[in-house]
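# this is a predicted model, with the sequence first.
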Amino acid sequence: EMIAADIAFHRFIYSLSENPLVAPAMETHWTNTHRVMGEVLMRDEPPHEIWNQHEAMLEAIASGGEPQAEELARLHISQVADLMIERLRQ
């Protein structure tokens with residue numbers, strides 16, 4: 001259920017970009033993206049930080065703060081990548 005919500009969020013964000021290349025480009029990465037989502041979302045503690053990051057991105061977009069939303073998205077990607085690297089080392 002959490003993975004489905006995360007996928008829906010990401011697809012919604014892609015649609016907001018109005019860039020017809022974003023969704024098809026991401027489709028090629030969904031298998032790996034699902035693995036990452038599963039690892040990040042299925043840990044012991046609830047993934048509050050992930051949802052907080054998503055909420056902050058949506059608030060930035062809704063208030064017209066696209067540069068801030070982009071910065072938040074880049075930070076989100078970086079933090080998730082760091083988490084995955086840490087998990088793979090365990």
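On my side now, so go ahead.

# select the longest helix from this structure.
helix 66-89 (DSSP state H).

# what comes up buried for stretch 11-31?
In terms of neighbour count (16 or more other C-beta atoms under 10 Å), stretch 11-31 has its buried residues at 13-14. Bear in mind the C-beta positions are built from the backbone N, C-alpha and C, glycine included.

# stretch 72-83 too?
Buried residues in stretch 72-83 (16+ other C-beta under 10 Å): 72-73, 76, 80, 83.

# now that stretch - C-alpha only, PDB.
Taking only C-alpha atoms (Å, rounded to 0.1, in the frame of the first residue of the first chain), the coordinates of stretch 72-83 have been written out as PDB:
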ATOM      1  CA  LEU A  72      13.800  19.600  -2.500                       C
ATOM      2  CA  ALA A  73      13.500  16.900  -5.100                       C
ATOM      3  CA  ARG A  74      17.200  16.700  -5.600                       C
ATOM      4  CA  LEU A  75      17.800  16.500  -1.900                       C
ATOM      5  CA  HIS A  76      15.200  13.700  -1.700                       C
ATOM      6  CA  ILE A  77      16.900  11.700  -4.400                       C
ATOM      7  CA  SER A  78      20.300  12.200  -2.800                       C
ATOM      8  CA  GLN A  79      19.100  11.100   0.700                       C
ATOM      9  CA  VAL A  80      17.300   8.000  -0.700                       C
ATOM     10  CA  ALA A  81      20.400   7.100  -2.700                       C
ATOM     11  CA  ASP A  82      22.600   7.500   0.500                       C
ATOM     12  CA  LEU A  83      20.200   5.300   2.400                       C
END
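
# need the contact partners of that stretch.
The contact list for stretch 72-83, computed with C-beta atoms under 8 Å, 6 or more residues apart in numbering, reads 13, 36, 39-40, 49-50, 53-54, 56-57, 60.

# how does it look with 7 Å?
36, 40, 53, 56-57, 60 (C-beta atoms under 7 Å, 6 or more residues apart in numbering).

# go on, stretch 26-43?
2-3, 6, 14, 47, 50, 80, 83-84, 87.

# so which of the residues you listed wins on neighbours?
Asp6 (21 neighbours; other C-beta atoms under 10 Å).

# buried stuff in the strand or helix carrying Met57?
Taking DSSP states H and E as the definition, Met57 sits inside helix 48-62. By 16+ other C-beta under 10 Å, the buried positions in helix 48-62 come out as 50, 53-54, 56-58, 60-61.
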